[in-house]
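Peer 1: Here is a sequence with its predicted model. Questions after.
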Amino acid sequence: MKKYSFILFLLLACIEDDNHKAIDTTLVSPNLSEKTEITFQQLYNLHGNTIGKDTIITGYVISSDAKGNYYKEIVVQNTLGTSDESEQNPRMGLKVRVGIINSYTKYILGRKVAIHLEGLKRTTSKNMLSIGRPTGTYIGDILEFDLDHFVLKFNEIGKLVPKTVALSKIDKNDLNTLIKVEQLHLKSSELGMTFSGMSTDEYDGKRTLEYCQGFRKDTIVMETSNFADFADKTLPNKQLNVTGIYQINFDNQPVLVLNALQDIEELGDYIDCEVKLPNILITEVADPENASFSRYVELYNAEDIELDLNGWNLSRFVNGGTEQKISLAEVIIPSKGFALIANEEASTANNFNFHDSFDFSPDVFSSWLDGNGDDAYSLTNEAGVVVDVYGRSTEDGTGSVWEYEDGRAYRNINIKKPSSVFRLEEWSVIKGKQNVPEDFSPGERKDSEVSFVSPAVKIETAPILITEVADPQQSTGARFVELYNPTASKVSFAQWTLVRYNYTSAKNTKDLAALPIFLDEIIIPAFGFLIVARDEMVFYDYFGVRAEVISFGLDGNGDDAYELIDPYGVVIDVYGDPTQDGSHSAWEYKDGFSKRKLSIIKPNKIFDVLEWEVQQSQIESKNFSPKIR
Amino acid sequence: MAYSQQEKISGYVKDLRTNKPITAFEVEIPNTINHYFFTNVNGVFSFPVKKQIEQFVITAKAYHKQWITVKDLKDKVVFLKPLDKTEEDFSLISLTDDQLEDETGEVSNVSGIFSASDDVYLNTVGFEFQGVFYSTRGLDSAQKTFLLNGVQQNRLYDHRPAWSNWGGVDGIYRSQDQTEPLGISEKTFGGALGVTSLTTRASKYRHGTRVSYAHSNRSYQHKTSVSHVGSLPHDWSYLISGSKRWGDQGYREGTVYEASSMLLSLEKYINLTNSISVSFMRTPSRRGTAGAYTDEVFRLKGNQYNGNWGYQNGNKRNARIREINEPLLLLTHTFEAGDKIRWENSILLQKGRIGYSRLDYNGGSNPDAAYYQNLPSYWLSRNRIDYENVYEYEQEFLNDGQLDWTALYQANTEVNSGNQNSKGYTNDAFVLYEDRRDEDRIQINSNLSRKINDDWQFNTSLEYRNTSSNNYAKVLDLLGGSGYLDVASFTGAQSDLNHPNRIVKEGDKFKYNYCVKSTNVMGFTQTTWRTKEIEMSGALGFSYSCHQREGMFDYENHMDAIGKSEQVSLLAYQLKSQVLYKLSGRNLVHLKAAYIQKSPGIKQVFPNARVSNTTLQNLDPENLSSYALSYIYRGLGYSVKLSGYKSLQSNVIETGFYFAEGFGTDADDDPSTGDLLDENSLFVQQVLNNVKKEYQGIELGSSYDLSSTIKLTGVIGLGKYVYKNHPNLLLYVEEDATALDLGFKNGVKDLGEVRIKNKHLSTGPQQAISLKLAYHDPSYWRISASINQFRSNYIAIAPIRYSSNFTNEINGVQISNLDPDLVATFRKQEQLDNFTLINLSGGKSWRLQKGYVSVYWNVQNLLGVNYRTGGVSSSRAANYSEQLKDHKREIPLFGNRYFVGNGRTFFTGIYYSF
């Protein structure tokens, strides 16, 4: 068999392909002793965009494209934790343009990296620190072959702790860092949508996360790429804690970008966003006769907690025209306390300013706080919604019932809620001859400040009735409300108001739902009618009679209530329940009308449906009876 | 000097290899009518010479013709060299291996098998036309039937021969019985390219021992083999054969090769007429494959480039390894009574597996170094071209351009190291797995030949086949990872809804898992009638098959992924007839005709077998009518065979997989975002249904003896193979929302007819011309040179370009601004360049004291010509707008892909038999 042995040897020959041993992937951290490390802040502050020799920064990877929501970029943060390292090295983030997809397979979340800055270029547009390969005036991707030169990996993976922060407190220092926002939910109108990839989403889905608690409602956009793996997932209908990276997007919006769906933590059932408006009200407007530099407006916090008026404004409307907005950003108003906004003029010998008049400082000075009694004021919250008003912003107050020239108006002591509709009955207006300090009460509401009607003001009221409300099915433009004068005298409607209450999801309180229609100085004869209609021509074409007052606000489709308010702000008559949406109520007159029964000849502040004949779905115009009882 | 009249010339004739006397031979004296036949146990000859002669010729059956110069006939012993194709056999295995597999690793071309043929044309095809994918008569390997002891070796899966089961077995071809195309076999009906019948019966092999070694740079570098055939008392014979072929790479880089072959066979003659034989064959092989690439890739990296491999710890590792191990056991009983009756009964049992490895990357980027996004053309196609990028990517591809195993391991390590932050949402990015087919096969065959009388013969056979295959993907190597998420790469669809988000480890089945059970019964009868002037035969065959798929995984995107499919029953029949008319002993006319039906294979019956029980709508058999007429002249010093043929194939089903874009209206990719995926793109399984193909041509094989030692061979094959109708195009896709939007119902869409009539088939060169000069020295060495030209080679068309989908919007309205000239350009089929190869071969044999030594060598493509053997048009652009985008690019991103031929290669071997 000896002669066969060489053959056997050949038959046992091997090839190099056999048994590949696993590749050793142990990482050796780079030796950076020759390099100079700078902080993110130093990089940010750098003059010029290119960086010097042997300079590095170190940080931790906080973004991941594992789920496709990042594309050719990684975000690196200088700390793992939530607080600043030092004043010179605050917590900051940096976007690195890397020319690879699936970069998470090279830079996993938490990987410590050093970025070798020499040869790279930095930008700080939109306050976001970014770095990449210089290409002309821009930066481009660091090519995949160069990544190992520019981005050095340490053998360390840190545990990332997002910074928990309230939406209202996020600022530019949080850009490109990992943050966590608690107790959010998706805007209710977006529920049922997917994260992105809908036909309206061009490259990214932009969904609104809301935070609301007590008197606040804050929002931020959650931006998700159409290419993200979870793009087609439906938005969660839950309360959420959301962790993401805070960035400014292409459209200059602040956005939160997720690494993965797991960054959303579901807390429990969706809590509908019912933001209560805090009871902050205007309680005094002042134009002292002896000290015009002391003009002021007093705000009162009727709540049991102090409130931050960040985002709120007090506006002055000069003679029904120009709006002058005074920011209340710095004001924190104590519980049951006051905030005073005063003119900022320095005192002169015969014209003291507020401080000198009252011996304490107001909370806000403004040259615009200079109303001489015929200018209206309105208070708006951070959402821009009108919370409270004094006077009518659209009219020159000269000669009006609310003019307080050389005097003041105070809110009657019993009024604890603001009103977006001016109600004269809540105020006491004292015109003329009021002097500082004795005739004013800044910083307090006196027990004596009860309802007071100045005898000098001549006003007119009357027992006017609402006699018909109509929503013709055939012609929505012909909607109208009919008012009736049951007295034997003629009546002027100067300074009367008809308020329509239109409840929607956004306008779900009485104040928000109110749509006041100011009636003109029209005089109607004894036993005469006044028609308030939506569209003059449509109304005339449909009924063949003329309407006296035309207002686009007169657009009730059957579920809206009406209040008739006289010049004193007193509710004279009412149709429906102004505190709620009338859909499916006993008084709904959708596509039809509601007529006051003939037997009713007096107005009634408390609505009683029995006084009315309610008919829905009326097709023919002859079934309606404007100007006829 | 010369012998005078009335002298006698005498001597002995012996076998050069065995040194044993040859008992029957003849002597011819050129230019005379003198012809002597000798039958003599001692091999003695003696004949009178009437006039002065210098040379004469000794011929014997199965031996090379030997010219004798009278003055050299000193010791009076003449050795004849056996004509057992030993050298051809040697190279056959090498040559055929080279072109066995197409890009999917399936056996597609077995023309090399013809090198062992006596026919000049076929021998040239098998020998000189190697490596160029020349197909005899344009037909593929499914038309060549292989038998082992009468048992059919073509697979029910695709009708192709299971070549690897025996392909490397040393010496098995010496037993082969081969028919020419449309020829008649005693044992089975066979395909249009004929039948190759092999045997494992030890008694049919020559006794002795043989060892050999070969060296090559084609598919492997080394081959060793040893075989021994012997007998024992009490009528036992045995055969032991083993060989091994191996190499780190062939002509293409990184194509590792490792194959062993073993055949053990034992036969016992129970009596004079009955023998029982048991054979065991085991031929495991592993081969690294090479990819097909675009012009851009070959231009940058050369023809030997292969992106499938990369270095791992300094060693080359190929990600695409095809591994086959299908041992089989064959029991055969034979009854033979003289030449009157032969009855053979066999049972074949096989349990085997075929695996083809590849990388999957549902968490990472496509690791292929030649992926289009890694090539300069991609960076040139950006909206804003950054030339630095183009340059860097080109340099990277030039300097490396290989698979980066280290990066794969690092990526898997990286994603596994950050789990404290990722809340478990990352899994391994990459995995190496194999597509597996584990097949069990039982076959029972009985075939009978009966000679009724000297003129009339009768053959029949019946065969039962039962196969059961499990098909699944199996994790081979986690590449340093900890577990791989079993969801589809692009869609994220669950492979098995019963086990959602499963994490798989090494050895686990994943992705898909189904089995197919098939049963087949086939039979044939044939009768042959021979007289002196005429030979006629007629044959009739039938085949009945039944297939059923059963899915084990409930794939998310198909309704019918799990459970059993309907049972598909298929019936096919075949007819064949031929007439040979002998005008004289040297002038013959041969007419052959056949009608062959072939049922769709498993691969076609279940077009989306991995994930769906869906069966093809058109399950009718494929029909092939084929006719050939030959004129044959056999002269003493020259011979000619001229044939004309025509075949018409109808109801052919062609399938293919690809990723295509442009099924919708506004295929508006934004290349600047770097991602070309959009809603209009789909991964589709294409089924071209009801295809008609026509094959016609002529074949000429001629040889001429220029002198006693120099022979000239000339061969011409002129074929024209075209599509003959406008078939229907069906696309099968995932049943998801995108597909539904694009008009697919239950995952299928009929795109209507594709206008491809008269487009050429991509069967390799359709025309070839060869001229060969061979010198045979009487002292047993020889050398030959051939020049071979190949013409008329077309790349495969992309049928979707010929559909209405290509020119229309999804609503059926023609795409606006359609340029008809450009449409014509896009629909023009590319013809590959003609090329000419020069081959050299030679050898020498020695008779030793004990035994016989032979060396053999050949060089193919002596001049190192670069050539392309074939290619495919890209189907990526499914409509005009997409194609236009690619057309406008400086270098196309999705250009045609090519298969390249070898450069200069050699093969050399030596063997010793005793």
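Peer 2: Now that the structure is in, tell me what you want to look at.
Peer 1: Which pLDDT value belongs to the residue nearest to residue B:637 when sequence neighbours are not counted?
Peer 2: In space, and not counting its chain neighbours, residue B:637 is closest to residue B:705: 4.3 Å by CB to CB, 6 or more residues apart in numbering or on different chains. All C-beta spots, glycine's among them, are computed from the backbone N, C-alpha and C. Residue B:705 carries a pLDDT value of 88.
Peer 1: show me what contacts the nearest residue to residue B:752 once chain neighbours are set aside?
Peer 2: Closest residue to residue B:752 apart from its sequence neighbours, by CB to CB, 6+ apart: residue B:804 at 5.7 Å. In this structure, residue B:804 makes contact with B:751, B:752, B:812, judged by CB atoms under 8 Å, 6 or more residues apart in numbering or on different chains.
Peer 1: now swap in residue B:149 and tell me
Peer 2: By CB under 8 Å, 6+ apart, the residues touching residue B:149 are B:198, B:199, B:200, B:201, B:277, B:279, B:330, B:332, B:344, B:346, B:445.
Peer 1: Would you quantify the distance from residue A:512 to chain B?
Peer 2: 41 Å (CB to the nearest CB, to the nearest Å).
Peer 1: For that residue, give me its contacts.
Peer 2: Per CB under 8 Å, 6+ apart, neighbours of residue A:512: A:277, A:385, A:420, A:506.
Peer 1: per-residue pLDDT, the first one?
Peer 2: Right, residue A:277. For residue A:277, pLDDT reads 78.
Peer 1: For residue 182, give me the pLDDT.
Peer 2: You didn't say which chain, so I picked chain A. 92.
Peer 1: try again with chain B
Peer 2: pLDDT recorded at residue B:182 is 91.
Peer 1: lowest-confidence helix or strand of chain B?
Peer 2: The helix or strand of chain B with the poorest confidence is helix B:86-98; it has a mean of 51 (mean pLDDT, DSSP states H and E).
Peer 1: Without its sequence neighbours, what residue ends up closest to the residue in the stretch 451-600 of chain A that chain B sits nearest to?
Peer 2: Nearest residue of the stretch 451-600 of chain A to chain B: residue A:505, at 31.3 Å (CB to the nearest CB). Of all residues not flanking residue A:505 in the chain, residue A:188 sits nearest, at 7.4 Å (CB to CB, 6+ apart).
Peer 1: So that neighbour sits against residue A:272, correct?
Peer 2: Yes. In this structure, residue A:188 is within contact of residue A:272 by CB atoms under 8 Å, at 6.7 Å.
Peer 1: With neighbour numbers in mind, choose between the two.
Peer 2: residue A:188 (14 against 9; other CB atoms under 10 Å in any protein chain shown).
Peer 1: And the more buried one, how far from residue B:460?
Peer 2: 82 Å (CB to CB, to the nearest Å).
Peer 1: Next up, the contacts around residue B:243.
Peer 2: Here residue B:243 is in contact with A:11, B:168, B:169, B:170, B:223, B:224, B:225, B:226, B:227, B:260, B:261 (criterion: CB under 8 Å, 6+ apart).
Peer 1: Among those, which one sits closest to residue B:7?
Peer 2: residue B:227 (45.8 Å; CB to CB).
Peer 1: Which element, helix or strand, includes that closest one?
Peer 2: For residue B:227, the enclosing helix or strand under DSSP states H and E is strand B:222-232.
Peer 1: What residues of that strand count as buried?
Peer 2: Neighbour counts over strand B:222-232 (16 or more other CB atoms under 10 Å in any protein chain shown) mark B:222, B:223, B:224, B:225, B:226, B:227, B:228, B:229 as buried.
Peer 1: didn't the fourth one look like it was pressed against residue B:259?
Peer 2: No. In this structure, residue B:225 sits apart from residue B:259 without contact. The criterion is CB under 8 Å, and the distance is 11.3 Å.
Peer 1: what touches both of those two?
Peer 2: By CB under 8 Å, 6+ apart, the residues touching both residue B:225 and residue B:259 are residue B:244.
Peer 1: And what about residue 414, helix, strand or coil?
Peer 2: If you meant another chain, say so; for now it's chain A. When classified by DSSP: H, G, I helix; E, B strand; the rest coil, residue A:414 comes out as coil.
Peer 1: Let me rephrase: I mean chain B.
Peer 2: Of the three states, residue B:414 takes helix according to three-state DSSP.
Peer 1: could you measure it against residue A:26, distance?
Peer 2: From residue B:414 across to residue A:26, the span is 12 Å (CB to CB).
Peer 1: Next: residue B:456.
Peer 2: In terms of CB to CB, residue B:456 sits 80 Å off from residue A:26.
Peer 1: which of these two has more neighbours?
Peer 2: Neighbour count, other CB under 10 Å: between residue B:456 and residue A:26, residue B:456 has more, with 13 against 6.
Peer 1: In contact with that one: list those residues for me.
Peer 2: B:527, B:528, B:529, B:530.
Peer 1: how close does residue B:516 sit to residue A:555?
Peer 2: 71 Å.
Peer 1: In terms of pLDDT, where does the residue nearest to residue A:505 sit?
Peer 2: pLDDT, read off for residue A:188, is 87.
Peer 1: ok, back up a step: and the residue of the stretch 451-600 of chain A closest to chain B, how many neighbours?
Peer 2: Neighbours of residue A:505 using other CB under 10 Å come to 10.
Peer 1: cool, and residue A:184?
Peer 2: Neighbours around residue A:184, by other CB under 10 Å: 23.
Peer 1: again with residue B:234
Peer 2: So residue B:234, with other CB under 10 Å, has 7 neighbours.
Peer 1: Wasn't it part of a strand?
Peer 2: No. Applying three-state DSSP, one finds residue B:234 to be coil, outside a strand.
Peer 1: Once you drop chain neighbours, what's closest to it?
Peer 2: Nearest one to residue B:234, counting by CB to CB, 6+ apart, is residue B:268 at 7.7 Å.
Peer 1: Can you point out the buried residues in the helix or strand that contains residue A:541?
Peer 2: Here residue A:541, judged by DSSP H and E, is contained in helix A:536-543. Within helix A:536-543, the residues scored as buried using 16+ other CB under 10 Å are A:538, A:539, A:542, A:543.
Peer 1: coming back round to it: angle of the next helix or strand along the chain from the strand holding residue B:227 against strand B:222-232?
Peer 2: Later in the chain than strand B:222-232, the nearest helix or strand by DSSP H and E is strand B:236-247. With axes from the mean of the first three to the mean of the last three CA atoms, to 10 degrees defining the directions, strand B:236-247 sits at 180 degrees from strand B:222-232.
Peer 1: mean confidence score for strand B:236-247?
Peer 2: According to the model, strand B:236-247 has a mean pLDDT of 92.
Peer 1: Can I get the helix or strand that that strand is followed by in PDB? Just the C-alpha atoms.
Peer 2: Next along the chain after strand B:236-247, taking DSSP H and E as the criterion, comes strand B:257-269. Extracted in PDB, the C-alpha atoms of strand B:257-269 (Å, rounded to 0.1, in the frame of the first residue of the first chain):
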ATOM      1  CA  TYR B 257     -13.500  24.700  -5.400                       C
ATOM      2  CA  GLU B 258     -13.600  21.600  -3.500                       C
ATOM      3  CA  ALA B 259     -15.100  18.400  -4.700                       C
ATOM      4  CA  SER B 260     -14.700  14.700  -3.900                       C
ATOM      5  CA  SER B 261     -16.200  11.800  -5.700                       C
ATOM      6  CA  MET B 262     -16.400   8.300  -4.600                       C
ATOM      7  CA  LEU B 263     -18.000   5.300  -6.300                       C
ATOM      8  CA  LEU B 264     -18.100   1.900  -4.700                       C
ATOM      9  CA  SER B 265     -19.700  -0.900  -6.700                       C
ATOM     10  CA  LEU B 266     -20.000  -4.600  -6.200                       C
ATOM     11  CA  GLU B 267     -21.500  -7.000  -8.700                       C
ATOM     12  CA  LYS B 268     -22.200 -10.700  -8.500                       C
ATOM     13  CA  TYR B 269     -23.200 -12.900 -11.400                       C
END
